[in-house]
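1. What follows is a predicted structure for the sequence shown.
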Amino acid sequence: MKKLLLTMLFFGGWAMADKQNISIVIHGGAGTIQRDQLSTEQEQAIKSDLQKALDAGYEVLAKGGDSTQAIISAIKIMEDSPHFNAGKGAVYTKPGKHELDASIMRGNDLQAGAVAGVSYTKNPILAAEQVMLNSPHVMLAGSGADTFSKLKGLEQVENNYFDTEARHKAWQEVDARTKAKDKEQASVDDVLAAEFKFGTVGAVAIDQNGNIAAGTSTGGMTYKAWGRIGDSPVIGAGTYADNRSCGISATGHGEYFIRYAVAHDICARVRYQDKSLQQAADEVIMQELKSGGGAGGVIGMDPAGTPMMVFNTPGMYRGYKTQEESIVAIYGDE
Ligand code: ASP
């Protein structure tokens, strides 16, 4: 009997030690997020929505669900919240409309899906998932992407569903500055001044089978030109997942993230140079990207279930939940 108990303890302990750590990490955008810009109420509302997103994603993992469904639950909550630049609360394009981008990737088989410039799909992350699961393509854009999502039965809304007062004010500020300068196109600085306060949303998770998934969703950048597409729907730039290295979701000035292939570069350093995820992300975000003038941040997950959050801006809405701890934060010094 004693022998049997010892055997059970040994194998039980072994099985537990071998069990994959489930974990999820999220972001709600990076930028010039400073204490004097947010009221206590705003701060609490944002943190509460971050927490809801984390809890929803973690619950999927805790129940044995897969990482793809976990990140979708988390991202959907942030898309439905007016506090983030994704879904409801998306920024305005130069003509005063909303065009949304999203992508998703699975680390076990490198399957991916993305939509760019959708105008009527309520939850772009669900459309990205449909592209991955039920189309032979990786990225669909514009009206074709909306038509596809409608055909797949996803909820459609009027474009003004995405309106919020705060984003409209940001649009008006850039519009006024641009017109005052009598320029056809707002300068990058004009756009960044308004935009670089809040951003995009994203999530990366690892499930009990050790599968990593990453996803990102955004309204893009305030006053973006017609049809402008940022890094968020671009696999390898704003989103990447590979069980052999890591999963990444990015937020920041998309043009830089595309040119520096940020998400893939981080995973490549982990895979080919045997670096830790933290080191790889520090190198790409704090050195490469920063010295090139690119502002933003990333979240990520390694195959052991260790979350990573790195940004070269004053703040990033962010949080993670592991078996040991759960945190949400906004500013760089917390
Ligand atoms: N990366 C997004 C874009 O360039 C914006 C953001 O993250 O805030 O579209």
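-> Here it is on my side, so go on. On a predicted model such as this, the values are computed, not experimentally measured, just so you know.
2. Now for residue 272, how many residues are close by?
-> When neighbours are defined as other Cβ atoms under 10 Å, residue 272 has 9 of them. No exception for glycine: its C-beta is placed from N, CA and C like everyone else's.
3. secondary structure element for it?
-> Residue 272 belongs to helix 262-273 when assigned by DSSP states H and E.
4. same thing with residue 74?
-> Using DSSP H and E, residue 74 sits within helix 67-80.
5. for residue 247, same thing?
-> Remark: residue 247 resides in strand 246-252, with elements defined by DSSP H and E.
6. do the same with residue 21
-> Element membership of residue 21 [criterion: DSSP H and E] is none; it lies in no helix or strand.
7. elements contacting the strand ranked longest in the chain?
-> Of all segments of type strand in the chain, defined using DSSP state E, the longest is strand 23-31. For strand 23-31, the elements it packs on are helix 40-62, helix 67-80, strand 201-206, strand 246-252, strand 296-301, strand 307-311, strand 315-321, judged by 3 or more Cβ pairs under 8 Å, 6 or more residues apart in numbering; DSSP states H and E.
8. What parts of the stretch 201-334 of the chain come near the ligand?
-> By the criterion of Cβ under 6 Å from any ligand atom, the positions of the stretch 201-334 of the chain lying close to the ligand are 218, 220, 221, 230, 231, 232, 251, 252, 253, 254.
9. I would like the residues contacting the helix or strand hosting residue 241, please.
-> Using DSSP H and E, the element containing residue 241 is strand 239-242. Under the contact criterion Cβ atoms under 8 Å, 6 or more residues apart in numbering, strand 239-242 has outside partners 103-107, 110, 112, 114, 202, 204, 212-216, 232-233, 246-250, 263-264, 266-267, 271.
10. Same question for that strand: list its buried residues.
-> Using 16 or more other Cβ atoms under 10 Å as the burial criterion, the residues of strand 239-242 that qualify are 239, 240, 241, 242.
11. Looking at those residues, spot the one nearest residue 20.
-> Of all the buried residues of strand 239-242, residue 20 sits closest to residue 241, with 15.4 Å by Cβ to Cβ.
12. Please name the residues that touch the most centrally placed residue in the chain.
-> In the chain, the C-alpha closest to the average C-alpha coordinate belongs to residue 202, at a distance of 1.7 Å (Cα atoms, centre = their mean). Applying Cβ under 8 Å, 6+ apart, one finds that residue 202 lies in contact with 26-27, 75, 214-217, 232, 238-239, 249-251, 299.
13. so how far is residue 295 from it?
-> Noted for residue 202: a distance of 16 Å to residue 295, by Cβ to Cβ, to the nearest Å.
14. if we can go back for a sec, from the chain's centroid, how far away is the strand holding residue 247?
-> In terms of Cα atoms, centre = their mean, to the nearest Å, the centre of strand 246-252 is set 6 Å apart from its chain centre.
15. Can you give me the neighbour number for the closest residue to residue 224 other than its chain neighbours?
-> What sits nearest to residue 224 in space, not counting adjacent residues and going by Cβ to Cβ, 6 or more residues apart in numbering, is residue 93, at 5.3 Å. The number of residues packed around residue 93, counting by other Cβ under 10 Å, is 22.
16. can you check residue 169 too?
-> By other Cβ under 10 Å, the residues close to residue 169 number 11.
17. for residue 282, same thing?
-> For residue 282, the tally of surrounding residues (other Cβ under 10 Å) stands at 16.
18. Contact partners for the closest residue in space to residue 29 that isn't next to it in sequence?
-> The spatially closest residue to residue 29, leaving aside those adjacent along the chain, is residue 199, at 2.5 Å (Cβ to Cβ, 6+ apart). Applying Cβ under 8 Å, 6+ apart to residue 199 gives the contacts 28, 29, 30, 31, 84, 85, 218, 251, 252, 317.
19. Can you tell me which one of the residues you listed sits lowest on pLDDT?
-> Comparing pLDDT over the contacts of residue 199, the lowest score belongs to residue 31 (85).
20. quick one: low-confidence parts of the stretch 201-334 of the chain?
-> Residue ranges of the stretch 201-334 of the chain with pLDDT under 70: none are present.
21. okay, now the residue of the stretch 1-150 of the chain found nearest the ligand: neighbour count?
-> Among residues of the stretch 1-150 of the chain, the one nearest the ligand by Cβ to the nearest ligand atom turns out to be residue 29. It sits 5.0 Å away. Neighbourhood size, residue 29 [other Cβ under 10 Å]: 30.
22. burial count for residue 165?
-> In terms of burial, residue 165 registers 8 neighbours under the definition other Cβ under 10 Å.
23. and what of the one 3 residues further on?
-> Residue 168 sits with 13 neighbouring residues when counted by other Cβ under 10 Å.
24. Am I right that it is in a strand?
-> No - remark: residue 168 does not belong to a strand; assigned using DSSP: H, G, I helix; E, B strand; the rest coil, it is helix.
25. how far away is the nearest residue to it once chain neighbours are set aside from residue 166?
-> By the measure of Cβ to Cβ, 6+ apart, the closest residue to residue 168 outside its immediate chain neighbours is residue 92, 6.5 Å from it. According to Cβ to Cβ, residue 92 and residue 166 sit 11 Å apart.
26. looking at it, the residue nearest to residue 224 is touching residue 220, isn't it?
-> Yes - in this structure residue 93 lies within contact range of residue 220 using Cβ atoms under 8 Å: 7.5 Å.
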